[in-house]
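Undergrad: I'd like to go over a predicted model; first the sequence, then the structure.
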Protein chains: 4
Amino acid sequence: MVYVLAPTGPRPPAYASDKKAVQKRLRRIEGQVRGIQRMVDEERYCINVVEQVSAVTRALQSVAIELLDDHLSHCVSDAIRSGGEEADVKIGEASAAIARLVRS
Amino acid sequence: MVYVLAPTGPRPPAYASDKKAVQKRLRRIEGQVRGIQRMVDEERYCINVVEQVSAVTRALQSVAIELLDDHLSHCVSDAIRSGGEEADVKIGEASAAIARLVRS
Amino acid sequence: MVYVLAPTGPRPPAYASDKKAVQKRLRRIEGQVRGIQRMVDEERYCINVVEQVSAVTRALQSVAIELLDDHLSHCVSDAIRSGGEEADVKIGEASAAIARLVRS
Amino acid sequence: MVYVLAPTGPRPPAYASDKKAVQKRLRRIEGQVRGIQRMVDEERYCINVVEQVSAVTRALQSVAIELLDDHLSHCVSDAIRSGGEEADVKIGEASAAIARLVRS
């Protein structure tokens, strides 16, 4: 099955089953970003604004870590089971994404 | 009076002069978070979603770093010039916020 | 093959082939930490010491990211190919290690 | 004399009083890095090695945060009290170091 390997293919991504939960978390993060805008608007104390930014950063990282976990459990695992060089590509991609996340 | 420097006092925070610029960046970040929701909705490839989350994390950290820089230049500097233990409190607060940010 | 599944088993870890390269990087990092001690001893400027600490932190994270990449390419891949719940255990472990690294 | 504020001047840095404590923490970190080399040498399980690298990263960041706190309390505070553009230079330097640390 060729499309197992194609990132942009019609196969639903790993997080498809959790899509609702991921969206809920992202909507909450969006609300938190709007909350920070409100804090700035009301000229709230800088340190409190910075703390809130740190909280949102942590929430975003949690979403990224969960997406990566789903990705390893599904896309990467499928590629490994299918064998071939696609598995290496997938692992390389995942490692690059981990590196980017660690450094952000 | 020393406590015009108090966090909840009527004095505008350090970022007041840059409020527009900060708000613009936060609105852009809010848009990026909505963009990630759209990516999830369209079941885009996990790795691309994770990369976008890393980008938003970096953007948030930049805002936090700028707010901290403003805070050191204004609130903390004012407290240091006024002398007294308020300066220590302010520096302690800033260090705690830096620690939280470094670990997020 | 039972020992594919055993973390503490006799099977060499994923980084075994790169052991020399990993050790070389770790020895370099050890030297950098000693360099920071020398800087502190000579009472060098704080900011320069902090910059050097950031450089060592980045070097350590690079080592961790490479070890994780090797781990995904070998241990985790082997477990996935062997099938069974060992694969889930391995992916869970890797995700936890990624989370720990992102938050450090 | 203005140049007591200069980075390379003869004035002891902020951490001078805590020099022993800082050195003790750095020696401990050096020992931890050697411990990781031993783990690699004994071909210990990758995930355990990665966890240990994360622990050392956190320990280094704690040292950096403490050095920055000392720096704000002494060098930066002195420059602010002395007034003039040296204060801006010092705050700019500190913010750049914070940014580097947050992104490492």
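TA: It's in.
Undergrad: can you list the residues of chain A near chain C?
TA: Listed as neighbours of chain C in chain A under the rule C-beta under 8 Å from any C-beta of the partner chain: A:58, A:61, A:64-65, A:68-69, A:72-73, A:76-77, A:80-81, A:87-88, A:91-92, A:94-95, A:98-99, A:101-103. All C-beta spots, glycine's among them, are computed from the backbone N, C-alpha and C.
Undergrad: which ones among those are found in strands?
TA: Among those, none falls in strands (DSSP state E).
Undergrad: Any of those buried? List them.
TA: The neighbour count (16 or more other C-beta atoms under 10 Å in any protein chain shown) marks A:61, A:64-65, A:68-69, A:72-73, A:76-77, A:80, A:87, A:91, A:94-95, A:98-99, A:101-103 as buried among these.
Undergrad: Can you list which of these are found in helices?
TA: The helices, defined by DSSP state H, take in A:61, A:64-65, A:68-69, A:77, A:80, A:87, A:91, A:94-95, A:98-99, A:101-102 from these.
Undergrad: Do you know the pLDDT at A:Gln17?
TA: I think there's a mix-up here, since residue A:17 is Ser and not Gln. Model confidence at A:Ser17, given as pLDDT, is 73.
Undergrad: and if you look at A:Gly84?
TA: With respect to pLDDT, A:Gly84 has a value of 85.
Undergrad: And for A:Gly9?
TA: pLDDT recorded at A:Gly9 is 49.
Undergrad: contacting residues around the residue nearest the centre of chain A?
TA: Taking C-alpha atoms, centre = their mean, the centroid of chain A lies closest to A:Ala64, which sits 2.6 Å from it. Contacts for A:Ala64 (C-beta atoms under 8 Å, 6 or more residues apart in numbering or on different chains) come out as A:101, B:50, B:53-54, B:57, C:102.
Undergrad: quick one: which of the residues you listed is nearest chain D?
TA: Checking the contacts of A:Ala64 against chain D by C-beta to the nearest C-beta gives C:Val102 as the nearest, at 9.2 Å.
Undergrad: Relative to chain A, how far out is that closest one?
TA: 5 Å (C-beta to the nearest C-beta, to the nearest Å).
Undergrad: can you pull the pLDDT of that residue?
TA: C:Val102 is given a pLDDT of 94.
Undergrad: got it, and A:Ala14?
TA: Looking at A:Ala14, its pLDDT reads 75.
Undergrad: Surely it and A:His71 touch.
TA: Yes - assessed by C-beta atoms under 8 Å, A:Ala14 is found in contact with A:His71 at 4.8 Å.
Undergrad: who has more neighbours, these two?
TA: More neighbours surround A:His71 than the other of A:Ala14 and A:His71, with 25 against 22 (other C-beta atoms under 10 Å in any protein chain shown).
Undergrad: Report the contact partners of the more buried one.
TA: So A:His71 contacts A:13-15, A:94, B:46-47, B:50 (C-beta under 8 Å, 6+ apart).
Undergrad: ok, now with 7 Å
TA: A:14, A:94, B:46-47 (C-beta atoms under 7 Å, 6 or more residues apart in numbering or on different chains).
Undergrad: and if you look at A:Ile36?
TA: With C-beta under 7 Å, 6+ apart, A:Ile36 has these contacts: A:49, A:52-53, A:56, B:26.
Undergrad: Kindly list the main-chain dihedrals of the residue in chain A positioned nearest to chain D?
TA: Nearest to chain D, among the residues of chain A, is A:Arg103, at 6.5 Å (C-beta to the nearest C-beta). The phi and psi values for A:Arg103, taken as degrees, to the nearest 10, are phi -90, psi 0.
Undergrad: can you pull the contacts of it?
TA: A:Arg103 neighbours (C-beta under 7 Å, 6+ apart): D:Arg103.
Undergrad: Among the contacts of A:Ile36, which ones are in helices?
TA: A:49, A:52-53, A:56, B:26.
Undergrad: with the residues you listed in mind, which one is nearest to chain C?
TA: A:Val56 (14.6 Å).
Undergrad: ok, the closest one - how many residues close by?
TA: 25.
Undergrad: is chain B contacted by stretch A:54-63?
TA: Yes - Stretch A:54-63 comes into contact with chain B (C-beta under 7 Å from any C-beta of the partner chain), by way of A:54, A:56-58, A:60-61, A:63.
Undergrad: And stretch A:81-89, by the same measure?
TA: No - for stretch A:81-89, no contact with chain B is found by C-beta under 7 Å from any C-beta; the gap never falls below 10.7 Å.
Undergrad: Any idea how far apart the tips of that stretch sit?
TA: Using C-alpha to C-alpha, to the nearest Å, the end-to-end distance of stretch A:81-89 comes to 13 Å.
Undergrad: Figure out how far that stretch is from the centre of its chain.
TA: Distance, stretch centre to chain centre, for stretch A:81-89: 23 Å (C-alpha atoms, centre = their mean, to the nearest Å).
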